[in-house]
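Visitor: Any chance you could fold what I've pasted below:
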Amino acid sequence: MEGFNFFEYSPLYRQMMILQALSEGLTSHSEIALKAGIVPSLVNKYLKSFLADGLVKKEEGKYKLTPQGVVKLNYLRLAYLSEIAQLYKDIEIRFQDVFLKLVGKRDICIYGAGVVGKMLFGLIANKEKFNIVAFLDEDEKKINTKIEGLPVLPLNTKLNVDAVIVASFKNAEIMAKKALEYSFRNVYAVDFIGEKLRLIWKG
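Guide: You can find the predicted model right below:
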């Protein structure tokens with residue numbers, strides 16, 4: 001779960017990753033700790049628990065998985081994937097309105113090359129039916145740079161796109177108006193209604 005700020009490593013996740021590390025032949029406490037997202041001093045605590053439960057055995061000073069340990073690892077892997085699948089399903093429901101509003105709109109620009117824009121890119125770019133063409137921005141420092149391999153272009157760039165999504169909560173109305181003034185059509189702002197993200201058509 002590296003790179004995710006809202007997901008803490010749980011004890012079960014750490015167990016899975018330590019068992020996974022052992023299955024890969026890792027023996028160094030520092031390597032195992034890095035894989036499990038814990039400090040090296042905690043590795044011993046987990047290994048002693050695994051030893052007591054018969055999940056690992058010690059041979060020539062090294063810990064190795066027992067058949068029971070392999071079964072435990074596979075169980076934890078399956079449970080982990082099951083929770084990921086449930087999380088994905090929940091995400092699909094929460095963002096359903098976004099995807100429905102964009103049906104039939106293939107080429108899309110994101111207006112706003114900041115934090116919100118990057119997050120929207122991560123959400124939409126995973127859907128094969130949508131093609132993020134570029135980011136639009138008015139900040140000279142951002143223009144002509146790239147985000148996720150896509151160019152950041154000035155707002156006055158002439159582009160033939162199917163929709164423009166305004167990536168701002170604070171300045172959405174002002175930015176949407178500017179996009180319309182530059183002759184973009186199917187301009188949408190984003191907002192939350194309850195826990196669901198919505199696209200609001202601006203013109």
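Visitor: Give me the helices and strands touching the least confident helix or strand in the chain by mean pLDDT, please.
Guide: Taking mean pLDDT, DSSP states H and E as the measure, helix 96-101 is the helix or strand of the chain with the lowest mean score, a mean of 78. Applying 3 or more C-beta pairs under 8 Å, 6 or more residues apart in numbering; DSSP states H and E, we find helix 96-101 packed against strand 196-201. (Each C-beta comes from the backbone N, C-alpha and C, glycine too.)
Visitor: Quick one: mean pLDDT for the strand it packs on?
Guide: On average, the pLDDT along strand 196-201 is 86.
Visitor: cool, and stretch 63-72?
Guide: Mean per-residue pLDDT for stretch 63-72: 94.
Visitor: for it, the distance to its chain's centre please.
Guide: How far stretch 63-72 lies from its chain's middle: 31 Å, per C-alpha atoms, centre = their mean, to the nearest Å.
Visitor: For this structure, give the helix that spans the most residues.
Guide: Criterion DSSP state H: the longest helix present in the chain is helix 67-94.
Visitor: which strands and helices sit next to it?
Guide: Other helices and strands packing on helix 67-94, by 3+ C-beta pairs under 8 Å, 6+ apart, are helix 11-23, strand 196-201.
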